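Undergrad: Provided below for reference: sequence and predicted model.
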Amino acid sequence: MRVLVIDTIHGGLDIARYLNGKGHFTDTVDIYRGKSGIDAATAASRDYDLAVVPVHLDPAHPLVRSLSIPSITHHDAVRWILGKDRPTPFVEITGARGKTTTACALAHTMDGPGILHTSMGTYRFPGKELLFRKSITPASVLPAADEAFRENGWLISEVSLGCTGAGDYGIITSGEDYLFAGGKRHALAEKVRSAGRMPRLLVAPGVDAPGAVRVESAALVQGGSCRYHCAGGDGTFSSPLLSLEGYRIPLMLAAAAGCELSADPGKLSSFPAIPGRMSESSEGGILIIDNANSGTNAQTTIDAAEYARKISGTDEITLVIGQEAGAVCEGFPSDEIMAAVSRIRPARLILVGDAGIGECAGIPVTRAGTLADGTAIARSMTKQGSIVLSVKCWR
């Protein structure tokens, strides 16, 4: 089959390589940069049997509009490539936020060999050996699935903007929505649509998906404890992380899914905070709360500040906030940043990225290019109180 694969920088090259390995002919188009493969005009002039088009591409793009052949998404292509050679259980996790925490928490409940694929890296369990670091575009599922299948182990994988449908269990971690594909598609609707192919689907509050299990019906948090139940049994675990909004829903999802997958949700009582997901550290007597990740938004920033004040016992905060350059689909808009700053009223404010903010809530802005730069500046400026890192970035 002759296949046109569009978008090389979000996994298209990997998809083409796998298809070539299965005997297909492929052309690739670097639709955003034009630095590799063939150009769009050449692609439009050639004959193909199928096009593989990323779901995030504007449907009004001239190359897409010129296609008269069937097309599938990158997500669909991954399912096609894997065929029947899939690990089991294979859990696909998607959502605007909470994906990494949910994935790591669920992996914490599992026994035996397995592969955890997240935006932080891809790890072999039970030893938590780092295998490689790749994005969570659909194509990145392929090497993770190969490794899990080779070991006859489980696979838990984050996937951006939906599920491939190759897995046997899906989780949507958030009901938050945003526009993508040139502002023409709703992310939540696409995630629900693609997850509808999963044999079993678990969803967070605020997600309306036909046939899905709502997490509220399978897990209930009261204070510092979570009670979970499913056909396989029920139980309870306790964790101080349940007091944090950014952990409560992911831990509930992990408990409900773990119960259904015959894992041990009771292990979640020992699940630690993840770097970038409200983890705490101390340097020179200054508390640092790390909330810098791809799901960072105004509410998680406010939660992080409240957590910092609760632990440190002081109101004084140096806030490092903003967005690093890079493809984080839903972004961290200036109005959300300003809303968070207005609520928190930090003593010092360090803005990462190019958001057009000169002064916020009467607090002068110090600028930094990256999370690392902002963190270094915060450490040099802060003599008391705490530092909150709340930068939207891939980690």
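TA: Perfect, I can see it now.

Undergrad: and stretch 201-212, how far from the chain's centre?
TA: Centroid displacement of stretch 201-212 relative to its chain, using CA atoms, centre = their mean, to the nearest Å, is 17 Å.

Undergrad: heads up, I number from 37, so please use that
TA: Sure thing, new numbering starts at 37, so read that last one as stretch 237-248.

Undergrad: which residues touch the nearest residue to residue 134 once chain neighbours are set aside?
TA: If you skip the residues right next to it in sequence, residue 134 has residue 209 as its closest partner in space, 3.8 Å away by CB to CB, 6 or more residues apart in numbering. Where you see a C-beta, it was placed from the backbone N, CA and C, and this is true even at glycine. The contact partners of residue 209, by CB atoms under 8 Å, 6 or more residues apart in numbering, come to 129, 130, 131, 132, 133, 134, 135, 138, 240, 285, 286, 289.

Undergrad: restricted to helices, list those.
TA: With helices defined by DSSP state H, the entries of the contacts of residue 209 inside them are 135, 138, 285, 286, 289.

Undergrad: now the buried members of those.
TA: A residue is treated as buried here by neighbour count (16 or more other CB atoms under 10 Å); on that basis the buried members of those are 135, 138, 285, 286, 289.

Undergrad: need the max-distance pair from the ones in helices among the contacts of residue 209.
TA: Using CB to CB, those reach their maximum pairwise distance at 135 and 285, which is 11.3 Å.

Undergrad: rewinding a little: closest to residue 215 out of the contacts of residue 209?
TA: Distances from residue 215 to these, taken as CB to CB, are shortest for residue 132 (11.9 Å).

Undergrad: what are the phi and psi values at the closest one?
TA: phi -70, psi -30 (degrees, to the nearest 10).

Undergrad: quickly note the distance from it to residue 211.
TA: Between residue 132 and residue 211 the computed distance is 8 Å (CB to CB, to the nearest Å).

Undergrad: which residues are in contact with both of these two?
TA: Common neighbours of residue 132 and residue 211 (criterion: CB under 8 Å, 6+ apart): residue 224.

Undergrad: the two: who's more crowded?
TA: For the pair residue 132 and residue 211, the greater number of neighbours falls to residue 132 (22 against 17), based on other CB atoms under 10 Å.

Undergrad: tell me which residues touch that one, please.
TA: With contact taken as CB under 8 Å, 6+ apart, residue 132 is in contact with 209, 210, 212, 213, 214, 223, 224, 331, 366.

Undergrad: columns distance to residue 150 and pLDDT on top of those, output as a markdown table?
TA: Listed next are those as a markdown table, based on distance: CB to CB, whole Å; pLDDT from 0 to 100:
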| residue | distance to residue 150 | pLDDT |
| --- | --- | --- |
| 209 | 19 | 98 |
| 210 | 24 | 96 |
| 212 | 28 | 92 |
| 213 | 31 | 94 |
| 214 | 31 | 91 |
| 223 | 28 | 96 |
| 224 | 29 | 97 |
| 331 | 23 | 80 |
| 366 | 29 | 63 |
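
Undergrad: fine by me, we can end here.
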